[in-house]
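> Kindly return the folded structure for what I paste below:
(chains A, B, C and D)
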2 protein chains.
Amino acid sequence: MPATIRDVARLAGVSPSTVSRALSMPEMVNAATRARVAAAVEQLGYQPNRAARGLITGRTGNIGLVVPDLANPFFASVTKGVQARARRSDTAVFVADTDEDVTAEVGLVRALSKQVDGLILCSPRSGDADLCAIAQDTNVVLVNRTAAGIPGITYDNEEGMRQAVAHLVALGHRRLAWVGGPVTSWSTQHRGIGLENAVADHGVELSRVGHFGPTYEGGMAAADQVVASGATAVITYNDLVAIGLLARLHARGISVPGDLSVVGVDDIAMSRMARPALTTVRLPKQEAGRIAVELLLALLDDPDSTVDTRGTLHGELIVRDSTGPAASP
Amino acid sequence: MPATIRDVARLAGVSPSTVSRALSMPEMVNAATRARVAAAVEQLGYQPNRAARGLITGRTGNIGLVVPDLANPFFASVTKGVQARARRSDTAVFVADTDEDVTAEVGLVRALSKQVDGLILCSPRSGDADLCAIAQDTNVVLVNRTAAGIPGITYDNEEGMRQAVAHLVALGHRRLAWVGGPVTSWSTQHRGIGLENAVADHGVELSRVGHFGPTYEGGMAAADQVVASGATAVITYNDLVAIGLLARLHARGISVPGDLSVVGVDDIAMSRMARPALTTVRLPKQEAGRIAVELLLALLDDPDSTVDTRGTLHGELIVRDSTGPAASP
DNA sequence: GTGAAAGCGCTAACAT
DNA sequence: ATGTTAGCGCTTTCAC
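Numbers count the residues shown, from 1 in each chain, chains lettered A, B, ... in the order given. Purely as a prediction, here's the structure:
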């Protein structure tokens, strides 16, 4: 049986409320008593029961994180970031993996929302309406997505795409291809828009090659269409897709970057390990997790702040071996 | 404000205790009243406050999972398995990433232990003494590790190594090398032992090449020592190490499997994507997570069961392109 | 089969 | 500055 606040109070010769105060508002209690309480706490190894505290304060000290797929290194990194930052604020993190299932997402969120002070939704696939409904009665922070009135942290996708296009154009490429991710993905939409603008600015062509899963398999599936498009360089939804693409191209005997240059997005650890090593737009992943927690914590302290609580992170082009000069026609 | 049990009681025209019973012991309440309660619950969207319930039942309905590094695909998979199984039992999962820091591990565990019904410790780096101390006042299940009196799920490392060695010997290899993982890793010790036995059985040689981090970098670092050992085939602590090794070998112009065959352990997604695709011992990862949850749940239902609560999972050799016949001397 | 009352461990008024 | 009281939302005796 773990020690309760009464045990501590008895041992220190004070009342439970004094113990409570000594712990949560130390400056409101006499230094001498505070010391006695501290000693008792120490001796008993007392740790307040957070559930009981939450019952009365309305705050649990827990947050929830919902991700589409933990096996995707991108989300694993974001999770690490969330985790690390939360720990520093003595906050525990519930993690829920929806397995890319939109239906599960809504249900999971509802189940979790009762036990946490707030929720971080990472790349939610749900529609805006659902999201807003959730944000109605829960504190929510979005990662990789915006929705009216909900705070969140996103990447500047447009800018990232501009960097990728500038790089390829400088290498002499005039016909680019874009392999889109999941249709419902906010990122895929914004990357598409950024790309559109960037190619317009540079006066080069862009073929859009459908929507594919954000996976290695997605990339394998996309490869042949990319080749058929006649592009000399391709930008993919993310690194996983790019690596799948690389595999299929290799199997078909198409040389990268000789015949085709490939650019990914994310810079997951695997990208350095690919052969050829993947040129990519690095997204600060743990950073996003960290900031999401900070946004959420701020929201909790000041529930109806009208301050704009939006953050934007920038990608950084990492040039490796999968991009090279366009073959002269 | 979310609905409370009283709201439901009032709406259904019964007492709170009846609502409580209708929800947790349906057969003890009249079918008619049960229906009325159900309707009220539905109408109000009532969800019991688990913290309040936990306060009295002593069970939170939450479990904790501690892993060394979520960015390692192995642990990401185990986490997914835990997650999926827990959800089916309506149990939420706190995830804590220790960042491979032994010191953090003990602290994290203590912090978490108060808010959960039990803890799953995945590949704990802590010593046996610490582990037993923790298991003293918390329900603990170990993954990838055994300790006296603590239930757990492990892989049959010996058997996995036997498969790997048999494969290599069949290919004509007589001089093998082993790249060990972290010194404190239970798995690395047992794989070492299994290897020792296997090579003895087959009458072949084994060079042990130090201890390295369980990472890509670890593999890069190990490569030159492996080559210097004169072995024609190498087995590494895990796939990440094998892939790092592959990279360094490629850089040095050493052909795989022509000059050196390479076998990993885990079968993470990345292994298929390596070039050459990695021969490896597949470990059922999500399975381990699933079973860990089941072990824990069983432990909770029957706190001092004397039943042996140990599980063992078996690896499966997956032969891909990184292993081939030994070069004839 | 159902209700009334007590209390889980804690904090927040309210007294003192 | 400290103690007393009440009560967070729920379950669980114990009556009826």
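
> backbone phi and psi for the residue positioned nearest the centre of chain A, please?
Among the residues of chain A, the one closest to the centroid is A:Val78, at 4.4 Å (CA atoms, centre = their mean). Here is the backbone geometry of A:Val78 (degrees, to the nearest 10): phi -60, psi -40.

> That one against A:Glu287, yeah?
No - at 9.1 Å, A:Val78 and A:Glu287 do not qualify as touching, with contact defined as CB atoms under 8 Å. Bear in mind the C-beta positions are built from the backbone N, C-alpha and C, glycine included.

> Show me the helices in chain A, by range?
Ranges of helices within chain A are A:5-12, A:16-24, A:31-44, A:50-57, A:73-88, A:102-113, A:128-136, A:157-170, A:186-202, A:216-228, A:239-251, A:269-273, A:285-301, based on DSSP state H.

> Name the residues of the stretch 1-150 of chain A found near DNA strand D, please.
Selection of the stretch 1-150 of chain A residues close to DNA strand D by CB under 7 Å from any atom of the strand yields A:13-18, A:21, A:28-30, A:32-34, A:52, A:55-56.

> neighbouring contacts of the helix or strand bottoming out on mean pLDDT in chain A?
When each helix and strand of chain A is scored by mean pLDDT, DSSP states H and E, helix A:102-113 comes last, with a mean of 87. The contact list for helix A:102-113, computed with CB atoms under 8 Å, 6 or more residues apart in numbering or on different chains, reads A:64, A:66, A:94, A:96, A:98, A:119, A:121, A:124-126, A:130, A:134, A:137-138, A:184, B:47, B:87, B:90, B:92.

> Check the gap between A:Asp267 and A:Leu297 for me.
Applying CB to CB, to the nearest Å, the value for A:Asp267 to A:Leu297 is 27 Å.

> Have a look at these two and say which one is more surrounded.
Taking neighbours as other CB atoms under 10 Å in any protein chain shown, A:Asp267 and A:Leu297 compare with A:Asp267 leading, 26 against 19.

> and that one, what is it in contact with?
Counting by CB under 8 Å, 6+ apart, A:Asp267 has contacts A:239, A:280-283, A:318.

> ok, now A:Asn49?
Going by CB under 8 Å, 6+ apart, A:Asn49 touches A:2, A:4, B:55, B:114.

> Check the contact between A:Gly315 and A:Gln163; I expect there is one.
Yes - using CB under 8 Å, A:Gly315 is in contact with A:Gln163, at 6.9 Å.

> Settle it for me: which of the two has more neighbours?
Taking neighbours as other CB under 10 Å, A:Gly315 and A:Gln163 compare with A:Gly315 leading, 22 against 19.

> In contact with the closest residue to A:Gly230 other than its chain neighbours: list those residues for me.
Leaving aside its chain neighbours, A:Gly230 sits nearest to A:Arg175 (6.0 Å; criterion: CB to CB, 6 or more residues apart in numbering or on different chains). Neighbour list for A:Arg175: A:204-205, A:207, A:229-233 [criterion: CB under 8 Å, 6+ apart].

> among these, who's most crowded?
Using other CB under 10 Å as the neighbour test, these are led by A:Ala233, with 28 neighbours.

> What distance do you get for that residue to DNA strand D?
Applying CB to the nearest atom of the strand, to the nearest Å, the value for A:Ala233 to DNA strand D is 58 Å.

> that older thread, and the contacts of helix A:102-113, which are buried?
The neighbour count (16 or more other CB atoms under 10 Å in any protein chain shown) marks A:64, A:66, A:94, A:96, A:98, A:119, A:121, A:124-126, A:130, A:134, A:138, B:87, B:92 as buried among those.

> of all these, which comes closest to DNA strand C?
DNA strand C has its nearest neighbour among those in B:Ala92, at 19.8 Å by CB to the nearest atom of the strand.

> Can you check the pLDDT for the closest one?
Note on B:Ala92: pLDDT of 96.

> hmm, back to that, common neighbours of A:Gly315 and A:Gln163, please.
What both A:Gly315 and A:Gln163 touch, as defined by CB under 8 Å, 6+ apart, is the set A:Val281.

> which residues touch the residue lying closest to A:Glu196 once chain neighbours are set aside?
Sequence neighbours aside, A:Leu206 is the residue nearest to A:Glu196 in space, at 7.0 Å (criterion: CB to CB, 6+ apart). By CB under 8 Å, 6+ apart, A:Leu206 lies in contact with A:176-178, A:195-196, A:199.

> any idea how far A:Leu206 lies from DNA strand C?
Going from A:Leu206 to DNA strand C by CB to the nearest atom of the strand gives 57 Å.

> so that residue bridges to which residues?
On the basis of DSSP bridges, A:Leu206 takes part in beta bridges with A:Leu176.

> Near chain B, which residues of the stretch 201-329 of chain A? Just list them.
Applying CB under 8 Å from any CB of the partner chain, we find that the stretch 201-329 of chain A lies next to chain B at A:216, A:243-244, A:247, A:250, A:269-270, A:272-275.

> quick one, what contacts whichever residue of the stretch 201-329 of chain A sits closest to chain B?
Using CB to the nearest CB, the single residue of the stretch 201-329 of chain A nearest to chain B is A:Arg275, 5.0 Å away. A:Arg275 makes contacts with A:246, B:250, B:275, as judged by CB under 8 Å, 6+ apart.

> tell me the pLDDT at the last one?
Looking at B:Arg275, its pLDDT reads 90.

> Kindly report the same for the first one.
In this prediction, A:Leu246 carries a pLDDT score of 97.

> Show me what from the stretch 151-300 of chain A comes close to DNA strand D.
The stretch 151-300 of chain A has no residues near DNA strand D, with proximity defined as CB under 7 Å from any atom of the strand.

> for the nearest residue to A:Glu294 once chain neighbours are set aside, what are its contacts?
Spatial nearest neighbour of A:Glu294, chain neighbours left out: A:Arg85 (6.7 Å); criterion: CB to CB, 6+ apart. Residues in contact with A:Arg85 (CB under 8 Å, 6+ apart) are A:289-290, A:293-294.

> Identify, from those residues, the entry nearest to B:Ile254.
Closest approach to B:Ile254 among the contacts of A:Arg85 (CB to CB): A:Gly289, at 38.8 Å.

> ok, the closest one touching A:Phe75?
No - taking contacts as CB under 8 Å, A:Gly289 lies outside contact range of A:Phe75: 9.5 Å.

> Please compare the two by neighbour count and tell me which comes out ahead.
A:Gly289 (27 against 24).

> Now do the same contact list for that one.
Contacts for A:Gly289 (CB under 8 Å, 6+ apart) come out as A:77-85, A:120, A:143.

> Now do the domain split for chain A, please.
A:5-57, A:62-155+A:285-313, A:157-283 (automatic domain parsing).

> can you tell me the residue of the stretch 101-250 of chain A closest to DNA strand C?
Ranking the residues of the stretch 101-250 of chain A by distance to DNA strand C (CB to the nearest atom of the strand) places A:Asp117 first, at 13.8 Å.

> just the stretch 151-300 of chain A next, same as before
Here the residue of the stretch 151-300 of chain A nearest DNA strand C is A:Leu300; by CB to the nearest atom of the strand that distance is 13.8 Å.

> Around DNA strand C, pick out the residues from the stretch 1-150 of chain A.
Within the stretch 1-150 of chain A, the positions adjacent to DNA strand C are A:1, A:4-6, A:16-17, A:19-20, A:23-24, A:46, A:48-49, A:52-53, A:55-57 by CB under 7 Å from any atom of the strand.
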